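1. What follows is a predicted structure for the sequence shown.
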Amino acid sequence: MITKGEQCSETVWGERVQSWQCQKRAVVVRDGKPYCKIHDPEYIVRKNAERQAEYEAKTEVRSARWKLELTAVNACKKINPDNPQAVAESIGDMYEALKVLLGIVAHNALPSEAKIRQAEKALSKADRK
Ligand SMILES: [Zn+2]
């Protein structure tokens with residue numbers, strides 16, 4: 001009968017294809033064989049599942065980021081194929097200008113020359129070559 005506290009039964013491989021029995025103390029018995037904590041087959045299965053889940057979560061985050069970047073770059077290229085970077089750098093200004101103009105229009109007013117110039121400046125920033 002095998003009990004806890006016996007030597008772990010896992011084989012450890014060293015350099016130059018040497019191997020030896022793990023020197024750690026067994027803490028569990030699985031299918032009649034003693035194993036230390038890190039060679040416990042159930043621990044290994046659990047650890048692999050955790051690593052897989054972590055990998056999949058990271059892959060999902062990377063994939064979502066990649067999709068966002070691709071969408072943003074393609075949208076910028078559509079507006080200014082020669083200089084999508086200019087579009088990316090002008091988005092904040094265009095957003096602000098559009099909000100201001102829509103706010104003025106919503107009050108049935110006409111935008112001032114300054115507000116129109118602000119919007120034109122944002123657009124020309126996006127259109128620059
Ligand atoms: Zn071991």
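-> Looks like it came in fine.

2. ok, then the element right after the lengthiest helix in the chain?
-> In the chain, taking DSSP state H as the definition, the longest helix is helix 41-79. Secondary structure here is assigned by DSSP states H and E; on that basis, the next helix or strand after helix 41-79 toward the C-terminus is helix 84-106.

3. Which other helices and strands does that next one contact?
-> Under the contact definition 3 or more CB pairs under 8 Å, 6 or more residues apart in numbering; DSSP states H and E, helix 84-106 sits against helix 41-79, helix 113-127. Where C-beta positions appear, they are placed from N, C-alpha and C, glycine not excepted.

4. Spell out which parts of the protein neighbour the ion.
-> Taking CB under 5 Å from the ion, the part of the chain that reaches the ion is made up of 8, 10, 22, 24, 36, 39.

5. Does the longest helix of the chain pack against any helices or strands, and if so which?
-> Helix 41-79 sits against strand 28-30, helix 84-106, with contacts defined as 3+ CB pairs under 8 Å, 6+ apart.

6. wait, what's in contact with the nearest residue to residue 38 once chain neighbours are set aside?
-> In space, and not counting its chain neighbours, residue 38 is closest to residue 24: 7.4 Å by CB to CB, 6 or more residues apart in numbering. The contact partners of residue 24, by CB atoms under 8 Å, 6 or more residues apart in numbering, come to 7, 8, 36, 37, 38, 39.

7. shouldn't the third one be in contact with residue 21?
-> By that I understand residue 36. No. Residue 36 sits out of contact with residue 21 when judged by CB atoms under 8 Å, with a separation of 10.7 Å.

8. Those two: who's more crowded?
-> Set side by side, residue 36 and residue 21 show more neighbours around residue 36, with 18 against 11, by other CB atoms under 10 Å.

9. just to revisit the earlier point, ok, the residue nearest to residue 38 to residue 40 distance?
-> 11 Å (CB to CB, to the nearest Å).
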